[in-house]
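1. Build me a model:
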Amino acid sequence: MLKHYLIATLRVLFKNKLFTAINIGGLTVGLTAAFLIILFVLNELGYDRWLPDHDRIYTIETTSTPPDRAPGNLARTALELRAAMEKDFTEIESYTRFYAGSAPVKLGDMMFPEKAFRIEETFFDVFQLSFIEGDAASATNHVNPAIISEDLAAK
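-> Prediction:
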């Protein structure tokens, strides 16, 4: 019985080749678009799920509108915002800022730039990250501390 259904289906498909190609092509494009949208949404919703207490951490963005240009969002804030937020929002437990950039790393004669972040002393109050050596309490107590990842240590 299944064999007869398959033969009938193939006859109809080969009889109407253009119609079949349009339908199969549309189905392929639609399914591909749906899967890509689902993957994008899952990525956006879960980018910080690896952090402990991720549901209690918020990012503040600044929207700037330069003359003759479209508005742009930056994940940067003014230094004075901390005092204003602590005064107006008493439910804030901790507040930290960090800045992305690069730093030169010197190993013997070689010097190469690496991706680096400048952090405040309250960084590890907000982001409870694990350490292989040392701890978060003493990590920022030095004059010029450097905290490196396992990848950079191996490099």
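2. Find the centremost residue of this protein, please.
-> residue 47 (4.7 Å; Cα atoms, centre = their mean).
3. can you map out the helices along this structure?
-> Taking DSSP state H to define them, one finds helices in the chain at 2-15, 17-45, 81-88, 123-126, 136-139, 150-154.
4. Could you dump these into CSV and include mean neighbour count, distance to residue 98 and mean pLDDT?
-> Backbone N, C-alpha and C define where each C-beta goes, glycine included. As requested, these are arranged in CSV below (neighbours: other Cβ atoms under 10 Å; distance: least, Cβ to Cβ, whole Å; pLDDT from 0 to 100):
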stretch, mean neighbour count, distance to residue 98, mean pLDDT
helix 2-15, 9, 59, 90
helix 17-45, 10, 21, 95
helix 81-88, 12, 13, 87
helix 123-126, 18, 6, 87
helix 136-139, 13, 14, 79
helix 150-154, 9, 17, 82
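5. These: which one's closest to residue 55?
-> Evaluated over the helices of the chain, closeness to residue 55 peaks at helix 17-45, with 11.7 Å, by Cβ to Cβ.
6. Now do that closest one and helix 2-15, the angle between them.
-> 100 degrees (axes from the mean of the first three to the mean of the last three Cα atoms, to 10 degrees).
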